[in-house]
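J.: With the sequence up front, the predicted model follows.
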Amino acid sequence: MISSTSISSPIVKTIPNNDQYTSIPHFPACLGGEWKNLVKTPYLKTTMKFRAGTSLPPHHFPTMSRITVHSGSIQIDDLQTSQAYILHANDDCVIPALLVHEIQFLQDVEFEFELNSNEMIIYWDFEER
């Protein structure tokens, strides 16, 4: 179940001079998307951009993640409960560890992504459900 919550942050290590967006590692090129890292320690915090109409197939993270939308809109489909959540600018949500979900970008979108890990770890769930 996806939920909203607040996360307090301990001391963080920012990544200096990374104003350029680059391709997202571990994402197939066909999915597009760009990111720029903001923080790496004690957890990954980045800004991501995707074009309208892009969909991320079923996937999950081994740890909790959080999305905060800056612009555009995103639909997150929780494949375990068959619930769909639409996030607009200034909305945020927490995605629990191991929750298999899909994401559809309804408009060009820019959002902050936090992963409770210091590196990008994603598992693609391509088997049929």
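T.: Perfect, thanks for sending it.

J.: Check which helix or strand Gln104 maps to.
T.: strand 101-105 (DSSP states H and E).

J.: can you check Asp19 too?
T.: Here Asp19 sits in a region with no helix or strand, counting by DSSP H and E.

J.: what's the neighbour count on the nearest residue to Gly72 once chain neighbours are set aside?
T.: In space, and not counting its chain neighbours, Gly72 is closest to Val109: 3.2 Å by Cβ to Cβ, 6 or more residues apart in numbering. For glycine as for every other residue, the C-beta is placed from the backbone atoms N, C-alpha and C. By other Cβ atoms under 10 Å, 24 other residues sit near Val109.

J.: Where does pLDDT dip in this protein?
T.: Along the chain, the parts satisfying pLDDT under 70 run over 1-18, 127-129.

J.: Strands of that one, start to end?
T.: 13-14, 22-23, 34-41, 44-50, 55-60, 65-71, 74-78, 83-87, 92-95, 101-105, 109-115, 123-124 (DSSP state E).

J.: which residue is nearest the middle of this protein?
T.: For the chain, the residue nearest the mean C-alpha position is Phe113 (4.6 Å; Cα atoms, centre = their mean).
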